[in-house]
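[1] Need a 3D model of the sequence below.
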Amino acid sequence: MGDTTTIQVKKKTVSFLDWVKKKHGLSSYDGAIQQLGKKEKGARKSMFGAHPKMKQFKRQEEDFHDL
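    Below you'll find the predicted structure:
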């Protein structure tokens, strides 16, 4: 490993990173952090609900009623 550093994380975070490693078949904490970063980068808020084949949402009249 070329340029490495040491960071302090809570034991709970290490347990979570262990879970990520196991889930994705990774061998290092660096790989687990990279995996989480890729997932975060790929999930842009502006894309939530965007689907090219989905019809535009239109409320039905019965959705509007007085309580």
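
[2] just for the chain, where's the confidence low?
    1, 43-52, 57, 61-67 (pLDDT under 70).

[3] Tell me the secondary structure at Asp18.
    helix (DSSP: H, G, I helix; E, B strand; the rest coil).

[4] Check the burial of it by counting its neighbours.
    For Asp18, the neighbour count with other C-beta atoms under 10 Å is 13. All C-beta spots, glycine's among them, are computed from the backbone N, C-alpha and C.

[5] Could you report the separation of it from Val9?
    12 Å (C-beta to C-beta, to the nearest Å).

[6] try Lys22
    17 Å.

[7] Ok, Gly25 next?
    21 Å.

[8] Which residue of the two possesses the greater neighbour count?
    Looking at Gly25 and Val9 with other C-beta under 10 Å, you find the greater number of neighbours at Val9, namely 11 against 7.

[9] can you map out the strands along the chain?
    Under the criterion DSSP state E, the chain contains no strands.

[10] Helices along that one, start to end?
    When secondary structure is read from DSSP state H, the chain shows helices at 11-24, 29-42.

[11] Which one, of those helices, ends up nearest to Asp3?
    helix 29-42 (10.9 Å; C-beta to C-beta).

[12] Which residues belonging to that closest one are considered buried?
    Buried residues in helix 29-42, counting neighbours by 16 or more other C-beta atoms under 10 Å, are found at 29, 32-33, 35.

[13] And stretch 17-26, by the same measure?
    Quick answer for stretch 17-26 (16+ other C-beta under 10 Å): 17, 20-21, 26.

[14] And Phe16, how far from Leu26?
    Counting by C-beta to C-beta, the gap from Phe16 to Leu26 is 13 Å.

[15] which residues sit against stretch 15-27?
    Residues external to stretch 15-27 that are found in contact with it (C-beta atoms under 8 Å, 6 or more residues apart in numbering): 9, 28-29, 31-33, 35-36.
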